[in-house]
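Colleague: Generate coordinates for the sequence data below:
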Amino acid sequence: MVTPANNRKIAIALAFAGGLPITGPLVWLHKVHTGKYLWGLAYLLLFKTGLPAVACCVEGVWYLFESDEGFMAKFPKSGALLASVLAKTGIAVEADGADTAATMQAAKRQAATAQAAQQAAVALRDLERLRQEGLITDGEFEQKRRQLIAKQETQETASKGNKESTKIDANTASVDDWLQLPGLSIHQARSLHALTQKGILLSCIEDVAAAIALPSAQMRPWEERLQFCYYDREEALEPVAIDANTATADELAAVPGLDIFLGRAIVHYRQQGPYKDLADLQDRLRLTTAVTAELLHYLRF
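Modeller: Predicted coordinates:
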């Protein structure tokens, strides 16, 4: 099985292999493995200069000290080519930890259901034996049989209900919890987790949509899975959000919670590169959680 841990180990092996003189032509392989195909081509073209070999060693050390989760966050396409090849050969590919956990939980539920069905079958056979031996009457047999069937149906219904009613508390959810929502990327899950860890309270589905710059309508299918414990749902406002990466200082100063000085600071710090999300902006400007919460519906990225 190909896992995030294996993906990182393969990248480490390929990177160090590219740095060896005898395997020099392999300098491009670890870039292809991590999904950086253009960089792989550049490494191959510059192979004779020796620079790619040095870069391979440096990147190998970097991957070595990177966590599996951090590696997959930086290289979400890592192992995609390998996975497609292995998929054709029938080898299982593990997308991420959340998928593995969900698979294990489903397997446990199936095993519990099968075990309960087996126990019910054994109990019915015992009842039949007791009836044939004359230890219980036909009426008692029928009564016990119905009780066993009703108990089995109740257990199956409860198992399905637990699966369908699993709720995710938006304000305490981990990255893996957020990844249970279909279509949510690991980058969006990390962004939401970072905001709640810093004290930003999400009180409704509109808050979640604003935090990851998605239309509220697109998130309606997730509404049944999300809950906002201990917080009242307020009527959603529809403010006009401006792009923090293109707006001028004067435009930013008009945003509630900002002034001209913060507007200029936002323009200044984005020269280091565009802001990825609200959590990134908060980190660069060192904003308080109160100010960041005010900006939730007014900035987009």
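Colleague: Spatially nearest residue to residue 202, not counting backbone neighbours?
Modeller: Excluding its sequence neighbours, the residue lying closest to residue 202 (Cβ to Cβ, 6 or more residues apart in numbering) is residue 170, at 4.4 Å. For the C-beta atoms, the positions are set from N, CA and C on the backbone; glycine is no exception.
Colleague: Now for that neighbour: which residues touch it?
Modeller: Neighbouring residues of residue 170 by Cβ atoms under 8 Å, 6 or more residues apart in numbering: 192, 196, 202, 207, 208, 226, 227, 228.
Colleague: Could you work out the most separated pair of these?
Modeller: 192 and 227 (14.3 Å; Cβ to Cβ).
Colleague: Same drill for the two, tell me which one is more crowded.
Modeller: Taking other Cβ atoms under 10 Å, residue 192 and residue 227 do not tie; residue 192 has more neighbours (26 against 15).
Colleague: That one against residue 210, yeah?
Modeller: No - with contact defined as Cβ atoms under 8 Å, residue 192 does not reach residue 210; the gap is 10.9 Å.
Colleague: Below-threshold pLDDT in the stretch 101-250 of the chain: ranges please.
Modeller: 101-114, 152, 154-165, 230-239 (pLDDT under 70).
Colleague: Could I get the buried residue list for stretch 194-204?
Modeller: Using 16 or more other Cβ atoms under 10 Å as the test for burial, stretch 194-204 gives 194, 195, 196, 198, 200, 202, 203, 204.
Colleague: Closest to residue 300 out of these?
Modeller: Using Cβ to Cβ, residue 195 is the member of those that sits closest to residue 300, with 14.5 Å.
Colleague: got the contact list for the closest one?
Modeller: 202, 211, 278, 279, 292.
Colleague: neighbours around the second one, how many?
Modeller: By other Cβ under 10 Å, 22 other residues sit near residue 211.
Colleague: and stretch 115-128, C-alpha only, in PDB?
Modeller: Taking C-alpha atoms only, stretch 115-128 is exported to PDB below (Å, rounded to 0.1, in the frame of the first residue of the first chain):
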ATOM      1  CA  GLN A 115     -21.100 -10.700  14.400                       C
ATOM      2  CA  ALA A 116     -24.500  -9.700  15.500                       C
ATOM      3  CA  ALA A 117     -26.200 -11.500  12.600                       C
ATOM      4  CA  GLN A 118     -24.200 -14.700  13.400                       C
ATOM      5  CA  GLN A 119     -25.200 -14.500  17.100                       C
ATOM      6  CA  ALA A 120     -28.800 -14.100  16.100                       C
ATOM      7  CA  ALA A 121     -28.600 -17.200  13.800                       C
ATOM      8  CA  VAL A 122     -27.100 -19.300  16.600                       C
ATOM      9  CA  ALA A 123     -29.800 -18.100  19.000                       C
ATOM     10  CA  LEU A 124     -32.500 -19.100  16.500                       C
ATOM     11  CA  ARG A 125     -31.000 -22.600  16.000                       C
ATOM     12  CA  ASP A 126     -30.900 -23.000  19.800                       C
ATOM     13  CA  LEU A 127     -34.600 -22.000  20.000                       C
ATOM     14  CA  GLU A 128     -35.500 -24.500  17.300                       C
END
